[in-house]
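A.B. asks: just to be clear, the model below is a prediction. Sequence and coordinates:
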Amino acid sequence: MILGILKEPSPETRVSLHPEAVKALNAAGNKILIEKGAGEASFLSDEHFSEAGAELRSRAEVLKDAEMIFQINPLSSADHPQLGKGKILFGVYQPLVEKELMHTLAKTGVTLFSMDSIPRITRAQSMDVLSSMSTVSGYKAVLLAAAQLPRFFPMLMTAAGTIAPAKVLVIGAGVAGLQAIATAKRLGAVVEAFDTRPSVKEQVESLGGKFVEVPGAVEDKAAGGYAVEQSEEYKQKQSEMLEKSIVKSDVVITTALIPGKKAPVLITKPMLQKMKAGAVVVDLAAANGGNCEGAVNKETVIVEGVTIIGNSSLPATMPEDASKMYSKNVQNLLKLLLKEDQINLNFDDDIVKGTCITHDGNIVYEPLLK
């Protein structure tokens with residue numbers, strides 16, 4: 001197969017395939033084309049890719065000649081005329097949000113694999129891009145908060161007196177939340193965590209966090225590890241319980257998302273008014289509307305004396321390792337899809353069926369069809 005790696009649009013700094021993956025795919029008999037400068041923002045030069053066996057080409061040449069095309073962010077409309085039946089596209093497309101784009105791509109005849117739709121099953125863990133990138137986000141969110149907070153994270157005993165440790169609340173104990181808990185604990189903070197799924201309590205406590213439990217949550221095992229919509233009665237109890245933890249916290253990290261829906265607002269302006277002056281909120285759900293009222297995606301704002309960092313793109317702030325992790329996920333998916341250098345689209349396989357969005361001119365992704 002001929003694989004093509006495209007340069008990401010600014011301000012994205014990651015690259016979809018790392019030289020390590022290129023070397024392995026090339027050794028397996030695949031031809032790799034890469035747009036010139038595709039890895040520069042990830043501190044990976046063209047020479048790194050050339051040494052791994054990739055051929056440097058222009059963007060137009062990659063789009064024209066490659067059978068498989070890799071770009072993390074969705075291709076621009078200017079690239080669409082280069083697509084067509086037989087082309088296979090990989091990226092992060094948010095099919096349940098970008099529905100119109102899915103119909104547009106289906107009309108081109110392209111086969112689209114959206115890496116954010118990898119099923120959350122045991123077999124697919126090594127391909128799970130959302131988990132990999134959430135690991136980066138959870139880690140970096142705490143570092144951003146620590147840089148903005150006008151107080152220390154750890155307890156310090158000095159000649160000038162004892163400094164109490166910072167209090168950190170993590171809302172959402174998925175991959176990002178658990179990494180945030182672990183990082184905040186390593187920095188010496190006192191950590192609490194909340195999640196609507198009681199099953200994650202043990203994981204939170206194993207990392208040294210205290211679990212804030214609100215009885216009565218509905219948990220759906222079929223949701224693939226994600227939170228699900230809760231009743232209005234539960235939401236009211238949740239809000240009251242959360243407010244007690246929020247107002248006493250120095251830092252709040254929010255990660256709560258429900259697939260295909262607007263992020264639930266968990267921190268209201270009245271809560272912000274009661275928080276400590278100088279407190280910091282890092283809203284990792286900002287791109288989906290935000291968990292914190294007043295959060296603005298890709299911006300840092302101050303509301304009621306609280307610094308709110310709205311950033312859903314933290315993996316791009318650590319491009320070298322984030323690219324390596326994303327690339328490994330893609331490489332593992334290709335092990336399933338490529339058999340003796342030929343594409344093998346087995347739609348009876350849960351991973352193929354769950355990740356493929358468009359094929360042969362049609363939308364084939366069941367959640368979108370429903």
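C.D. replies: Ah, there it is. Residues are numbered from 1 along each chain as shown.
A.B. asks: drop to CA atoms for contacts and neighbour counts, all remaining ones
C.D. replies: Fine.
A.B. asks: where does the stretch 251-370 of the chain dip in pLDDT?
C.D. replies: Residues of the stretch 251-370 of the chain meeting the criterion pLDDT under 70: 260.
A.B. asks: helices along that one, start to end?
C.D. replies: For the stretch 251-370 of the chain, the helices defined by DSSP state H, counting those that start in this stretch cover 269-274, 319-337, 350-355, 366-369.
A.B. asks: looking at those, which is nearest to G91?
C.D. replies: Nearest to G91, of all the helices of the stretch 251-370 of the chain, is helix 319-337, at 9.3 Å by CA to CA.
A.B. asks: which strands and helices sit next to that closest one?
C.D. replies: Other helices and strands packing on helix 319-337, by 3 or more CA pairs under 8 Å, 6 or more residues apart in numbering; DSSP states H and E, are helix 19-27, helix 129-148.
A.B. asks: CA atoms of the longest one as CSV?
C.D. replies: Coordinates of the C-alpha atoms in helix 129-148 are reproduced here as CSV (Å, rounded to 0.1, in the frame of the first residue of the first chain):
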residue,chain,number,x,y,z
VAL,A,129,-6.5,7.6,20.5
LEU,A,130,-8.9,9.3,22.9
SER,A,131,-7.3,7.5,25.9
SER,A,132,-3.7,8.3,24.7
MET,A,133,-4.5,12.0,24.1
SER,A,134,-6.5,12.2,27.4
THR,A,135,-3.4,11.0,29.2
VAL,A,136,-1.5,14.0,27.8
SER,A,137,-4.4,16.4,28.6
GLY,A,138,-4.8,15.3,32.2
TYR,A,139,-1.1,15.7,32.9
LYS,A,140,-0.7,19.1,31.2
ALA,A,141,-3.9,20.5,32.7
VAL,A,142,-2.4,20.2,36.2
LEU,A,143,0.9,21.8,35.1
LEU,A,144,-1.0,24.7,33.6
ALA,A,145,-3.0,25.1,36.8
ALA,A,146,0.2,25.0,39.0
ALA,A,147,1.8,27.7,36.8
GLN,A,148,-1.3,30.0,37.1
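A.B. asks: can you tell me which residues contact V330?
C.D. replies: Counting by CA atoms under 8 Å, 6 or more residues apart in numbering, V330 makes contact with S16, L17, M115, M127.
A.B. asks: if I look at it, how far off is V352?
C.D. replies: For V330, the distance to V352 equals 13 Å [CA to CA, to the nearest Å].
A.B. asks: then E20?
C.D. replies: Distance from E20 to V352, by CA to CA: 24 Å.
A.B. asks: hang on, M241 packs against V214?
C.D. replies: Yes: counting by CA atoms under 8 Å, V214 is a contact partner of M241 at 7.0 Å.
A.B. asks: pick out whichever of the two has more residues nearby.
C.D. replies: Between M241 and V214, counted using other CA atoms under 10 Å, V214 has the larger neighbour count: 19 against 15.
A.B. asks: please, where are all the strands along the stretch 101-250 of the chain?
C.D. replies: 111-114, 156-158, 161-163, 167-171, 190-194, 210-212 (DSSP state E, counting those that start in this stretch).
A.B. asks: out of those, nearest to A295?
C.D. replies: Here strand 167-171 is closest among those (CA to CA), at 15.2 Å.
A.B. asks: residues near K262, how many?
C.D. replies: 16.
A.B. asks: tell me the contacts of it?
C.D. replies: Contacts of K262 (CA under 8 Å, 6+ apart): N288, G289.
A.B. asks: ok, it to P74 distance?
C.D. replies: Taking CA to CA, one finds K262 at 20 Å from P74.
A.B. asks: which residue lies farthest from the center of this structure?
C.D. replies: Within the chain, A159 marks the point farthest from the mean C-alpha position, 43.2 Å out by CA atoms, centre = their mean.
A.B. asks: who's in contact with it?
C.D. replies: No contacts exist for A159 under CA under 8 Å, 6+ apart.
A.B. asks: what's the pLDDT at it?
C.D. replies: pLDDT for A159: 94.
A.B. asks: host element of L33?
C.D. replies: For L33, the host element (DSSP states H and E) is strand 31-35.
A.B. asks: any idea how far whatever helix or strand comes next after that strand is from the chain center?
C.D. replies: The helix or strand immediately downstream of strand 31-35 is helix 46-51, counting by DSSP H and E. Taking CA atoms, centre = their mean, to the nearest Å, the mean C-alpha location of helix 46-51 is offset from the chain mean by 27 Å.
A.B. asks: got the contact list for helix 46-51?
C.D. replies: Under the contact criterion CA under 8 Å, 6+ apart, helix 46-51 has outside partners P19, V22, I34, K36, G37, A38, G39, E40, E55, L56.
A.B. asks: could you list the buried residues of it?
C.D. replies: Across helix 46-51, burial judged by 16 or more other CA atoms under 10 Å covers D46, H48, F49, S50.
A.B. asks: before we move on, the earlier item: next one: the residue farthest from the centre of the chain from S313, what distance?
C.D. replies: Counting by CA to CA, the gap from A159 to S313 is 41 Å.
A.B. asks: so which residues make contact with whichever strand or helix holds L3?
C.D. replies: Following DSSP H and E, one finds L3 within strand 2-5. Outside strand 2-5, the residues within contact range by CA under 8 Å, 6+ apart are 16-17, 30-35, 38, 62-63, 65-71.
A.B. asks: mean confidence score for that strand?
C.D. replies: Across strand 2-5, pLDDT averages out at 97.
A.B. asks: what's the answer for stretch 130-145, then?
C.D. replies: 97.
A.B. asks: got it, and stretch 60-67?
C.D. replies: Mean predicted confidence for stretch 60-67 is 96.
A.B. asks: and stretch 72-81, by the same measure?
C.D. replies: 95.
A.B. asks: quick one: the strands in the stretch 251-370 of the chain?
C.D. replies: Here the stretch 251-370 of the chain has its strands, by DSSP E, counting those that start in this stretch, at 251-254, 280-283, 299-303, 306-310, 338-339, 342-343, 356-359, 362-363.
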